[in-house]
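> Can you look at this prediction? I've put the sequence above it.
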Amino acid sequence: MDRAAQLSLVALGLIASVAALAALRDLVAPMALALVVGVVLSPLSDLWERLRFSPAIGASASLVLTLAAFGTLGLLLQPLIAELVHQAPKVWADSQEVMKAFRGLFAGLKAATRELSGAVVDGARAEAGPAPQQMVDLPAVTTGALMIAPTIAAQALTFVGTLFFFLLTRSEIYDWAARRLVSPAGRGQLSQRLRMAEGTVSRYFLTITLINAGLGIATAIALQALGLPGAFSWGIVAFLLNYVVYLGPAAVAVALLLAGVAAFDGGAAAFPVLVYGALITLEGQFVTPALVGRRMALNPLLVFVALLFGLWLWGAIGGIVALPLLLWATVLQNGDGLAIGAERRVET
């Protein structure tokens, strides 16, 4: 009975925690992203320490470099965004033609089904035309953008503040956790595991960044050869969204399909997404397993569930931080028993 009561309390605590994290997503999500970025920047923080920079100067330098990197990516993506806005009318018109063709196909299938089954269908419904197209209310869109601007600004400030103070007091935070969470005998082990988890996440992200950069370069070259406008910007998009496993490449594929419809006519519109599909398959099936597979012992199902949970909980930010947090927690729990980061060699 006591065991059941304990399990009930644990379940209630988990439910309450998840509900609180979801309710405070505008505050907690940017904080989680800042902590993940701070962990990824740990080698840079160690470099400042070796150069005998003061903690404030080191944290400020890391923060400035991070914001400069984000700003540079935004500037590089600006031409692509402008091109997509410019091509939006053509994409919309071509998409309507495709939808009309599909509606005609479905109408034919429905008619054949009615004839075969002998079902009686309401004539008025059968003769009804397609649903009227809804026009986008531009003033409403603009008003909505203005309404969410303060929220975005608050999240940006939360991210900047959390990242700076984490970089500033990183060592103190680890020491505090070692003192408060375990007995004196286990403090050294916990501190070692915290450092190990930090190093593992950082090394993983460095490897993934190199892989994503290669994918982005290959995507840009291939799309440039096809003549797709903004090929360089598309390479950056492929680089960035590949951090969000599974769903990121799917989003790029859909976007490239629309871009192909806007830039080309006929079957050539599918060439960009087909080329990207070949590249992402090569990356996922051969490159990433060869470089990361031996260092990462995470179940793919667990990764997928963590990704879906992060997206449901915090949206896009949750999708970005889900895998790093899962990796960090796994290393922290298993310590040396995890294959991640361990230089295991199979004797042949």
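Sure, I can see it. Residues are numbered from 1 along each chain as shown.

> So which residues of the stretch 1-150 of the chain form helices?
Taking DSSP state H, counting those that start in this stretch as the test, the helices found in the stretch 1-150 of the chain are 2-23, 25-40, 42-50, 55-117, 123-127, 138-168.

> and those helices, which one is worst for confidence?
Here the lowest mean pLDDT among the helices of the stretch 1-150 of the chain goes to helix 123-127, at a mean of 46.

> and the gap between the residue nearest the centre of the chain and L223?
Centroid-nearest residue in the chain, with CA atoms, centre = their mean: V244, separated by 3.1 Å. Distance from V244 to L223, counting by CB to CB, to the nearest Å: 20 Å. C-beta: built from backbone N, CA, C; applies to glycine.

> Next: A329.
38 Å.

> Which one's more surrounded, those two?
L223 (27 against 12; other CB atoms under 10 Å).

> so which helix or strand takes in that one?
helix 187-226 (DSSP states H and E).

> Packing partners of that helix?
helix 25-40, helix 42-50, helix 170-181, helix 231-241, helix 271-282, helix 288-292, helix 316-334 (3 or more CB pairs under 8 Å, 6 or more residues apart in numbering; DSSP states H and E).

> any chance of those in CSV, with distance to A16 too?
Output for the helices and strands packed on helix 187-226, formatted as CSV (distance: least, CB to CB, whole Å):
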stretch, distance to A16
helix 25-40, 14
helix 42-50, 32
helix 170-181, 21
helix 231-241, 33
helix 271-282, 39
helix 288-292, 36
helix 316-334, 19
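
> Of those helices, which is nearest Q155?
Across the helices and strands packed on helix 187-226, Q155 has its closest neighbour in helix 25-40 (4.4 Å, CB to CB).

> Give me the contacts around the closest one.
With contacts defined as CB atoms under 8 Å, 6 or more residues apart in numbering, helix 25-40 is touched by 21, 45, 66, 151, 154-156, 158-163, 166-167, 170, 197-198, 201-202, 205, 313-315, 317-318, 320-321, 324-325, 328.

> What mean pLDDT does stretch 319-333 get?
Rounded mean pLDDT across stretch 319-333 is 84.

> no wait, stretch 208-225
94.

> buried stuff in that stretch?
Within stretch 208-225, the residues that count as buried by 16 or more other CB atoms under 10 Å are 208, 211-212, 215-216, 218-220, 222-223.

> Next: stretch 310-324.
310-311, 313-314, 317-324.

> Please apply the same query to stretch 233-248.
By 16+ other CB under 10 Å, the buried positions in stretch 233-248 come out as 233-242, 244-245, 248.

> Could you export those residues as CSV, including distance to A306 and pLDDT?
Shown next, in CSV, are these (distance: CB to CB, whole Å; pLDDT from 0 to 100):
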residue, distance to A306, pLDDT
S233, 30, 86
W234, 28, 90
G235, 28, 91
I236, 26, 90
V237, 23, 90
A238, 23, 92
F239, 22, 92
L240, 20, 89
L241, 18, 89
N242, 17, 90
V244, 12, 83
V245, 10, 80
G248, 14, 88
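
> May I see these organised as a markdown table, with distance to P289 added?
As requested, the buried residues of stretch 233-248 are exported to a markdown table (distance: CB to CB, whole Å):
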| residue | distance to P289 |
| --- | --- |
| S233 | 29 |
| W234 | 25 |
| G235 | 23 |
| I236 | 25 |
| V237 | 24 |
| A238 | 19 |
| F239 | 19 |
| L240 | 22 |
| L241 | 20 |
| N242 | 15 |
| V244 | 18 |
| V245 | 13 |
| G248 | 18 |
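
> Out of those residues, the closest to S183 would be?
Checking the buried residues of stretch 233-248 one by one against S183 (CB to CB), the nearest turns out to be V245, at 37.6 Å.

> quick one: secondary structure of that closest one?
coil (DSSP: H, G, I helix; E, B strand; the rest coil).

> Spit out the contact partners of it.
303-304, 307, 323.

> can you give me phi and psi for it?
Note on V245: its backbone torsions stand at phi -60, psi 150 [degrees, to the nearest 10].

> quick one: it and G310, what's the gap?
In this view, V245 and G310 are 11 Å apart by CB to CB.

> do S233 as well
On the measure of CB to CB, S233 and G310 end up 26 Å apart.

> Same question for R203.
Per CB to CB, R203 is found 21 Å from G310.

> Need the buried residues of stretch 310-324 in CSV (columns: distance to G186).
Shown next, in CSV, are the buried residues of stretch 310-324 (distance: CB to CB, whole Å):
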residue, distance to G186
G310, 30
L311, 35
L313, 31
W314, 32
I317, 33
G318, 31
G319, 34
I320, 32
V321, 27
A322, 28
L323, 28
P324, 25
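
> Out of those, which is nearest to L181?
For these, the residue nearest L181 by CB to CB is P324; the value is 20.6 Å.

> is it true that I320 touches Y243?
Yes. Between I320 and Y243 there is a contact at 6.2 Å, judged by CB atoms under 8 Å.

> circling back: which among the helices and strands packed on helix 187-226 is found nearest to R3?
Taking the helices and strands packed on helix 187-226 one by one with CB to CB, helix 316-334 is closest: 22.4 Å.
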